[in-house]
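**Student:** just to be clear, the model below is a prediction. Sequence and coordinates:
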Amino acid sequence: MANFLRINLSTGETTISPVPDHYAGLGGRGLTSAVVAREVDPLANPLGPNNKLVFAPGLLGGTACANSGRMSVGAKSPLTYGVKESNSGGQAGGHLARLGLIAVIIEGAAEEWREVVIGPQGARVAPCRLIGLDNYQAVARLREEFGEECSTITIGRAGELRLAASSLALTDLDGLPSRHAARGGLGAVMGSKKLKAIVIQPGADRPPLVRPNDFQRASLEFTKALNEHPVCGQGLAEFGSAAMMGLFNEMGSLPTRNFSKSRFTGYESLSGESLNQLTKSRGGQGRVAKGCMTGCVMRCAGVFPDKQGHRIGKWPDFETMWAFGPNAEIADLDAVARYDRLCDDLGVDTIDVGGALSILMEAGVLKFGEANEALAAVAQIGEGTPLGRIIGSGAAICGRVYGAIRVAEVKGQALPAFDPRTVKGQGVTFATNPQGADHTAGMAYAANILSGQVDPLGVAGQAELSRKTQVMAAAVDALGLCAFVSFAFFDSPKALTAVAEMLSARYGWPTTKEDLDVLGQKVLAMETDFNRRAGLTEASDRLPEFFQSEAVGPDGATFDVPAAELDKVLKFDL
């Protein structure tokens, strides 16, 4: 039976208990959002002791289900001031699940810096001597002390400074802090509690299965569906998540020069093809088709080498490539890789920091296209300079400090790499999702651009498309699955049926595809309710006005989905 682990940093007490009835049937994002909605005062200071930081593997976490090791991290966000779930790969999610833990809830705040150690014998709170270290050095010391089999969750100096765009670093298959719960500033919440690190020493057993044979059969069916899908089974492994950079650019949906344009002439040097070719040609420590966690079959992580073949870091994700690439007019893949590694080390969100950089470029503080100058500015985050603190606080705060008008954010969170004027379904998701603008909150671009099922430039059908994909994303996050399995769900009903069958075989619950839809709706309803109680009204579910007044792309598109349509998206009859 899965348990809750509560850790009170104010007292140092740790408590393991069965899952309360009111949280039964939830995992991952469903559980983090439920705990925040039920146990955190919506008006609490996000950086105060009354906020809670919740870690939850998904309902399928720790099992043999492919790509089921994701970790959800939840709290009231210091960036959006609403509910936040930030999602990451790496080893920690699967390790917690194998310890029989469905949630770890961090409460209170310590007076001195602490680290938490969780293992088969329980949990303990200990003094921490890693303060002032960024993630790579801190993790190296933890692995020396606790062994290479452990996984860790740490914050860098950005989290120690409680900056609003700070992230939490989770270790990958190589034991490196390259996987991040990056969005929403939850690293600042961890820092506010004076918790520098969590070490997880894994157990050996997988979670029990009610019907093992049925689970195995459904698991094989799901893996087959992923392997046979052109994106999940081939595209992501060969080209990473930047596989469709060229397509998005051709469609005029690639935000460029701080969202003032929607095409970038230098996109080819940042494409998935370039990522693949450089990695192969440089050799050395570079790797194509590498997973970030146990059980990954899509393998989009990769290892990017420098010109001498030495590892710089993981393959930059598409959103990172865009944030330091087209949006800053930088066409240098090596510079993007250094940016990604620097952000991972400092512990900041590459999207929000990239948004801040493009605003500084437009304000004349930095220059568009100057990679080294931008990297030096990002490095100031760790130094705690005034400019570093502004950049580390994200795009919205940077925009207010510099009096910028074109600030691409919703609920204080920077928009990712899709222009909502030319991919309008994605624009609806950016506007309405309770998490703030987030590309993983609903992959409407799949139907807008990849399949063309809904005209990306039209208004008709966008609200319904966004609603459908947001519901699917919430369910996927609750299950602990990688967001990219959604590509298979869109095209293969068998994939979704297999997941429902695995859930039923794991717990003994009668589960259908329709039940997964209801699960996603419940998660979104909880999150929306918390936001309303926190003061985020329907007026917060809007895109910045420049998206309606400034046209981009070959068709001169603006975002023109009516507000009345936006207000209907997340209203459910439950």
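**Tutor:** That came in fine, so what should we check first?

**Student:** residues contacting His310?
**Tutor:** Contacts for His310 (CB atoms under 8 Å, 6 or more residues apart in numbering) come out as 284-285. All C-beta spots, glycine's among them, are computed from the backbone N, C-alpha and C.

**Student:** where do the helices of the stretch 301-450 of the chain begin and end?
**Tutor:** 318-324, 333-346, 350-362, 371-383, 386-391, 395-401, 424-432, 445 (DSSP state H, counting those that start in this stretch).

**Student:** model confidence over the third one, on average?
**Tutor:** Spelled out, that is helix 350-362. Mean pLDDT, computed over helix 350-362, is 98.

**Student:** which helices and strands sit right next to it?
**Tutor:** The helices and strands touching helix 350-362, judged by 3 or more CB pairs under 8 Å, 6 or more residues apart in numbering; DSSP states H and E, are helix 318-324, helix 333-346, helix 371-383, helix 386-391, helix 395-401, strand 413-414.

**Student:** circling back: and of the helices of the stretch 301-450 of the chain, who's closest to Val116?
**Tutor:** helix 333-346 (21.3 Å; CB to CB).

**Student:** remind me which residues of the stretch 1-150 of the chain are low pLDDT?
**Tutor:** 1 (pLDDT under 70).

**Student:** grab the nearest non-local neighbour of Glu13.
**Tutor:** Of all residues beyond its chain neighbours, the one nearest Glu13 is Ile7 (7.6 Å), with distances taken as CB to CB, 6 or more residues apart in numbering.

**Student:** any idea how many residues pack against the one you found?
**Tutor:** By the criterion of other CB atoms under 10 Å, Ile7 has 24 neighbours.

**Student:** assign it to helix, strand or coil.
**Tutor:** Counting by DSSP: H, G, I helix; E, B strand; the rest coil, the backbone at Ile7 sits in strand.

**Student:** now do the contacts for Leu133.
**Tutor:** Contacts of Leu133 by CB under 8 Å, 6+ apart are 141, 156-157.

**Student:** which strand or helix spans it?
**Tutor:** In the assignment (DSSP states H and E), Leu133 maps to no helix and no strand.

**Student:** for Gly382, see how far away it is.
**Tutor:** Relative to Gly382, Leu133 is positioned 10 Å away (CB to CB, to the nearest Å).

**Student:** what do these two both touch?
**Tutor:** The contact lists of Leu133 and Gly382 share 156-157, where a contact means CB under 8 Å, 6+ apart.

**Student:** and the pLDDT at the residue nearest to Phe546 when sequence neighbours are not counted?
**Tutor:** Computed as CB to CB, 6+ apart, the closest residue to Phe546 that is not its neighbour in sequence is Arg406, at 5.3 Å. The model reports Arg406 with a pLDDT of 97.

**Student:** can you get me a residue count around Arg406?
**Tutor:** 16.

**Student:** circling back: if you compare the helices and strands packed on helix 350-362, which one is most tucked away?
**Tutor:** Burial of the helices and strands packed on helix 350-362 is given as mean neighbour count (mean count of other CB atoms under 10 Å); strand 413-414 ranks first at a mean of 32.

**Student:** pull up the pairing partners for that strand, direction included.
**Tutor:** Paired strands of strand 413-414, with direction, are strand 409-410 (antiparallel) (DSSP bridges).

**Student:** report the longest helix in the protein, please.
**Tutor:** Across the chain, the longest stretch assigned as helix under DSSP state H is helix 513-533.

**Student:** same for that helix, what does it pack against?
**Tutor:** helix 28-39, strand 83-88, helix 462-479, helix 493-507.

**Student:** Leu360: which of the ones you listed is closest?
**Tutor:** strand 83-88 (24.4 Å).

**Student:** contacts for that closest one?
**Tutor:** Taking CB under 8 Å, 6+ apart as the rule, strand 83-88 contacts 29, 32-33, 36-37, 70-77, 167-168, 170, 179-186, 434-436, 440, 477, 483, 526-527, 530-531, 534.

**Student:** residues touching the closest residue to Asp515 other than its chain neighbours, list them.
**Tutor:** Counting by CB to CB, 6+ apart, Asp515 lies nearest to Ala500, which is 6.8 Å off, once chain neighbours are set aside. Residues in contact with Ala500 (CB under 8 Å, 6+ apart) are 511-513, 515-516.

**Student:** same question for Leu275.
**Tutor:** 239-240, 242, 302, 304, 315-316, 333.

**Student:** report the buried members of those residues.
**Tutor:** 239-240, 242, 302, 304, 315-316, 333 (16 or more other CB atoms under 10 Å).

**Student:** pLDDT and distance to Leu47 for these - can I get that in a markdown table?
**Tutor:** Below are the buried ones among the contacts of Leu275 laid out as a markdown table (pLDDT from 0 to 100; distance: CB to CB, whole Å):
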| residue | pLDDT | distance to Leu47 |
| --- | --- | --- |
| Phe239 | 95 | 39 |
| Gly240 | 95 | 34 |
| Ala242 | 91 | 34 |
| Gly302 | 96 | 35 |
| Phe304 | 97 | 34 |
| Trp315 | 97 | 33 |
| Pro316 | 97 | 29 |
| Leu333 | 97 | 36 |
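
**Student:** any chance of the residues you listed in TSV, plus distance to Thr350?
**Tutor:** Shown next, in TSV, are these (distance: CB to CB, whole Å):
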residue	distance to Thr350
Phe239	19
Gly240	14
Ala242	13
Gly302	16
Phe304	14
Trp315	13
Pro316	8
Leu333	14
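
**Student:** in strands, which of these fall?
**Tutor:** Members of the buried ones among the contacts of Leu275 lying in strands (criterion: DSSP state E): Phe304.

**Student:** so which of the buried ones among the contacts of Leu275 is the closest to Asp352?
**Tutor:** Using CB to CB, the buried ones among the contacts of Leu275 come closest to Asp352 at Pro316, 15.5 Å.

**Student:** I'd say that closest one and Met245 touch.
**Tutor:** No - Pro316 lies out of contact with Met245 (CB atoms under 8 Å); the separation is 11.2 Å.

**Student:** follow-up on the earlier one: okay, the angle between the longest helix of the chain and strand 83-88?
**Tutor:** 130 degrees (axes from the mean of the first three to the mean of the last three CA atoms, to 10 degrees).

**Student:** check which residues of helix 513-533 are buried.
**Tutor:** 515-517, 519-528, 530-531.
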